[in-house]
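Colleague: Got a predicted model here, sequence first, then my questions.
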Amino acid sequence: MARSLVLPVAPTRGRLRPLGLDEVRITGGFWARRREINATATLGHCRDWMARVGWIGNFRAAVEGRIERDRRGREFADSDVYKLLEAMAWEAAGHGTDSSLDAQIAELTESIAPAQEPDGYLNTAFGRPGQQPRYSDLEWGHELYCYGHLIQAGVAQARARGEGELTKIARRAADHVCATFGPGSIERVCGHPEIEPALVELARLTGEQRYLDQAALFVDRRGHHTLADTEFGRAYYQDDLPIRQATVLRGHAVRALYLAAGAVDVAVETGDDALLAAVVRQWEATVARRTYLTGGMGSHHRDESFGDDFVLPPDRAYSETCAGVASVMLSWRLLLATGEPRFADLAERTLFNVVATSPSEDGRAFFYANTLHRRRRGSVPAADVDSPRAESSLRAPWFAVSCCPTNVARTLAQLPAYLATADDDGVQLHQYADAEIATSLTGGHGVALRVRTDYPSGGAVTVRIDRSPDRPWTLSLRVPGWARGAAAWLVEPDGTRRSVPTGTATVSRHFRPGDEVRLELPVAPRWIGADPRIDAVRGTVAVQRGPLVYCAESVDLPDGHEADAVRVDPSVEPKDGRDPDGTDGTDGTAGTDGTVIVAGELTGHAEDSDTPWPYAPLDRPAATPPPAPERAEIVLVPYRSWANRGPSTMRVWLPTAEPNTTAPS
């Protein structure tokens, strides 16, 4: 299998070969703007905050012998420095050899390197005078978790720039892990999975079998009660039963998804079809019963975990941003392993409605948790103080636990690598953005494509062939699952126009430079209903336009109404509205988020009612009838954009004007 130089995930086998940052370049549209903000604002913002709160300084404090007194941050603070380094490395890969990021990476690495012990151990929270001994708290200490992010940063540097000092630090740490946790040594696991996919990627980079073997050991040890029980139970860190026996993702959502990603990596590299099938089975059950409309995962705040089947309350959605990142990681690996477009469908949904929702428009504030219903207007967080609460009511510039900002940063930095793949037959497009793609097919035959689209504002995706081998090959385009029930069309180079079902549309031919293939997706607002077993949203509907989930936000409602005053009429089809700049939301205007208009009504303010008790027998009315509603056109905005215009209330699932409206089961 041909290998790209710059790949975040580089399996040596599988159904599809990923294309790297040296083969795919996003050139315009929504994701180009997001990535530009990430590069010019978010990376520096994260670096400055970690310097301000002392997380970078922890490494120097460790070397200078003052760590007991001066260490700052939680036990896993080291990991966020590593995630920032990984993000910088992937971002530098897109800037040729001339990048100021290289100097910043070198400076951070110079701070980290002296803190590594001669045997490869590296952690600022354990092992030094006044601290707990090494590996004395595998349940909560996160030492191996931190190594995972360190190793991924080292891999990123090696693939983006060639092996440097950061890569050497990561390899020494990985060698230490293999010596310390290999057979006959500490036969336990870390409470927070993450080292598993990192070790596999390091094995792919170096060709060293021991890293893959250690990752497989960690995967197989999980679920055998090597960790102490907790108030949340062993399922919290997936130590309740072996991964091969599990039927659904459970426990802490980020941990579960990172473990599943590592298990897929191990399964692919070892040819373990049974392990891969077990993860697919868990993914299927989780998507069917434990995933929000946005793609978000995790409905419990207290333990940041999945709830039981169909327990998906919108107003209590935790839907952590890091869980969204981890879900994309898992879906991508499953797509590469199987070639099945349903995995790209979930990745798209999650990217647009969780990952893209977290950062503010300026890239300097973030949601940690992503509720689907805000009942009260939030308060603006202080600009110079980190937020102590993950569930801040508005995006905050930093958190006491700031895993999400750096996770968003590294995801956006490597995003072009999620767009396309290749195999022996041709090229496959999975995510749509203005892009230029250049790769080689089997035999070294070069292919170059140019993708032009205003997706998801519009549904037209045009692929122009700029270079093609002198033989037939296949261009494949994903027809998203959200288009089911509506007409999607494919126009071939000879003008043939045919209807295509959801899944994959293919064109196989002897392409010539200048040939164009056009995919026409039915991007239009549609009512969405929920499975009636999701008790929390019975009697409500939502609106989705293409991959985008929409919401009602109080700033768009008249007369000071809050979002809970909205009732909608699903018998009237939603229609495209206008963009914030006043243009029609369907014209593909760059940089805008189109609104949707729905028919409905606004109820009176809750304080207008003097009903002393909110319940009454069905055979007689409440003591005081509610105020008569007023008919109105309700403006909805993309969920990803909410709370960018100041404090507001918001809801995704909207009560219907007619009672008991539900979707078919």
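Modeller: Good, I have the coordinates.
Colleague: Tell me if I'm right that His149 and Leu84 touch.
Modeller: No. If you go by C-beta atoms under 8 Å, His149 and Leu84 don't touch, sitting 9.6 Å apart. Yep, even glycine has a C-beta here, placed from its N, CA and C like the rest.
Colleague: ok, His176 - how many residues close by?
Modeller: 18 (other C-beta atoms under 10 Å).
Colleague: buried set for the helix or strand harbouring it?
Modeller: Taking DSSP states H and E as the definition, one finds His176 inside helix 165-181. With burial defined by 16 or more other C-beta atoms under 10 Å, the residues of helix 165-181 counted as buried are 166-178, 180-181.
Colleague: What mean pLDDT does it get?
Modeller: Throughout helix 165-181, pLDDT has a mean value of 98.
Colleague: for the helix or strand just after that helix, packing partners?
Modeller: Under the assignment DSSP H and E, the closest C-terminal helix or strand after helix 165-181 is helix 195-206. Where contact means 3 or more C-beta pairs under 8 Å, 6 or more residues apart in numbering; DSSP states H and E, helix 195-206 is packed against helix 143-161, helix 165-181, helix 209-221, helix 253-270.
Colleague: want to try TSV for those, with distance to Ile634 as columns?
Modeller: TSV is the format used below for the helices and strands packed on helix 195-206 (distance: least, C-beta to C-beta, whole Å):
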stretch	distance to Ile634
helix 143-161	43
helix 165-181	51
helix 209-221	48
helix 253-270	32
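Colleague: on that earlier part again, packing partners of the helix holding His176?
Modeller: So helix 165-181, by 3+ C-beta pairs under 8 Å, 6+ apart, packs with helix 100-112, helix 143-161, helix 195-206, helix 209-221.
Colleague: and the angle from that helix to helix 209-221?
Modeller: For helix 165-181 against helix 209-221, the angle by axes from the mean of the first three to the mean of the last three C-alpha atoms, to 10 degrees is 50 degrees.
Colleague: Can you give the contact residues for helix 165-181?
Modeller: Residues from elsewhere that reach helix 165-181 (C-beta atoms under 8 Å, 6 or more residues apart in numbering): 85, 89, 105-106, 109-110, 112-113, 116, 119-122, 135, 144, 147, 150-151, 153-155, 157-158, 185-188, 195, 199, 202, 206, 210-211, 213-214, 217-218.
Colleague: Drop anything exposed from those.
Modeller: Buried among those (16+ other C-beta under 10 Å): 85, 89, 105, 109, 112-113, 116, 120-122, 135, 144, 147, 150-151, 153-155, 157-158, 188, 195, 199, 202, 206, 210-211, 213-214, 217-218.
Colleague: can you map out the strands along the stretch 351-500 of the chain?
Modeller: 373-374, 420-422, 426-429, 434-440, 446-453, 460-467, 473-479, 488-491, 497-500 (DSSP state E, counting those that start in this stretch).
Colleague: Which among those strands is found nearest to Asp345?
Modeller: Nearest to Asp345 among the strands of the stretch 351-500 of the chain is strand 473-479 (7.6 Å), distances taken as C-beta to C-beta.
Colleague: Thanks again, I'm all set now.
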